[in-house]
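Participant: Just the structure for this:
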Amino acid sequence: MITKHLARSRRLLLTTSLLTLAILLITPASALACGGFFSSATSGKVSQDTERLLITINHNSTTLYEQIRYQGNARDFAWVLPVPAVPKVETAAQEIFNQLEYYTAPRFFIPAPQNCNHADITHMLFGNNYATGGAPTSSNPGVNVYAGGETGPFAYEIIKSGDAQALTSWLQNHKYTVPANTTNLIQPYVRSNMFFLAMRLRPGTNVSNVAPVKITFPMVMQQVTVPIRLAATDIQHKMKMEVSILAQQRYTLKNYTEVTVPADKVSANPSPQESYAQLMDTAIQKVGGYAYVTQYAQAQNMSGLLRSLKESPDTTYNLTRFYTSYTPEHMQKDPVFVPQANLPAKQTYIRVNDTSPGPDCTTTYIKSAVLLAVFPIGPIIILTAIGIWYWRKHKARTQKNANK
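Facilitator: As a prediction, this is how the structure comes out:
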């Protein structure tokens, strides 16, 4: 669902990179959602590495967990998210994302580095050192406030308006750092009769207090869509996104092409992580830019993650992790996630192919050849020298006794 890097305040000297990313949640009644992360044009920014979302769907609710990575001044932090209903807003433990990474991150088996040990007779003889690897609670002209409060380091309010300009003015008047073009960005969602969750850091907190956010909707989502089109003008080169879905059914994407990365193509050079990421991005671009990789898909008892989520550890869930990436020109189709039965499981283990050139072992071969030639002669020479020494010593002793 979430976090977006919106951009560029043209009135200021420096450009803000703001990525707007949110979840479009489609229920049987077709509800929309999209969101924006805003910060000061002079100080704040969101990490542009990878957007990470966890969506959990159980028998009576749908919950979004968003890992926020923000750099800048606490007073410049502002997050505005269109939502289909008034949600429950909480903070979540970082341990959730630690556990999620533990279960779903790719694991690379790296071969031992190539060396000349096979040609080194001294290594074979003397050692073997191979490496291992509700109702409004208040209102303003044109804007109604339905809920508000504090959770962790955040203060939040849930608002609604039929006037995008009035809503933008409300945000600005209440010290939310939003750009001048916010009205245009939120207009489609105002027309769709959406609520807006507005969050910021409480006074006295700092950016080190930023915690993951947990947003719970009292409804079961039948499909989950992540709208990415608003971010197109803000992405310079590439946006990466990981979406994990924990539900009793297995999920897939219905409007993107699934691609795979051949394990034998993953190289240890420059690193398996970089090689794997490059291969995924290349495969996605080869089929037109609207594709994904299923990095993990298992139905099992993930007790550590379930305890972090405060779910019953005795329940078996399907956990699926998807990866995709976008270039600015390929951000016109929102990915739609839907449940689908009888899909194959997907493990995270990848055996790495070491494509680095082997070392030049010529010198080692020569050294070993010399040792092989000299080794049988050495003991003979030593024994001969000992024999000659003993014979001379014995001869001298015999002559000495004879002279007596």
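
Participant: Between the two ends of stretch 304-323, what distance do you get?
Facilitator: Start to finish, the residues bounding stretch 304-323 are 23 Å apart (CA to CA, to the nearest Å).

Participant: With stretch 244-261 instead?
Facilitator: Length of stretch 244-261, first residue to last, CA to CA: 19 Å.

Participant: for that stretch, which positions count as buried?
Facilitator: Residues of stretch 244-261 classed as buried: 244, 245, 246, 247, 249, 250, 251, 252, 253, 256, 259, 261 (neighbour count, 16 or more other CB atoms under 10 Å). C-betas here are computed from N, CA, C, even on glycine.

Participant: Stretch 191-206 too?
Facilitator: 194, 195, 196, 197, 198, 199, 200, 201, 205.

Participant: If we only consider those residues, which is nearest to residue 320?
Facilitator: In terms of CB to CB, no member of the buried residues of stretch 191-206 lies closer to residue 320 than residue 197, at 26.0 Å.

Participant: Do you have the helices of the stretch 51-200 of the chain handy? List them.
Facilitator: Assigned by DSSP state H, counting those that start in this stretch, the helices in the stretch 51-200 of the chain fall at 95-104, 121-126, 164-173, 182-191.

Participant: Comparing these by mean pLDDT, which bottoms out?
Facilitator: Per-stretch mean pLDDT for the helices of the stretch 51-200 of the chain is lowest at helix 121-126 (a mean of 48).

Participant: Mind putting the buried residues of stretch 244-261 into CSV with secondary structure, distance to residue 344 and pLDDT?
Facilitator: Listed next are the buried residues of stretch 244-261 as CSV, based on DSSP: H, G, I helix; E, B strand; the rest coil; distance: CB to CB, whole Å; pLDDT from 0 to 100:
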residue, secondary structure, distance to residue 344, pLDDT
244, strand, 18, 94
245, strand, 16, 94
246, strand, 18, 93
247, strand, 17, 91
249, coil, 15, 89
250, coil, 9, 93
251, strand, 13, 95
252, strand, 11, 95
253, strand, 15, 95
256, coil, 17, 97
259, coil, 15, 96
261, coil, 16, 91
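
Participant: Return the member of these nearest to residue 299.
Facilitator: Taking CB to CB as the measure, residue 250 is the one of these closest to residue 299, at 7.1 Å.

Participant: Excluding residues flanking it in the chain, which one is nearest the closest one?
Facilitator: residue 318 (4.5 Å; CB to CB, 6 or more residues apart in numbering).

Participant: Surely that neighbour forms part of a helix?
Facilitator: No. Read with DSSP: H, G, I helix; E, B strand; the rest coil, residue 318 is strand and lies in no helix.

Participant: and it, how far is that from residue 95?
Facilitator: With the distance defined as CB to CB, to the nearest Å, residue 318 ends up 21 Å from residue 95.

Participant: Looking at these two, which is more packed in?
Facilitator: More crowded of residue 318 and residue 95, by other CB atoms under 10 Å: residue 318, with 20 against 15.
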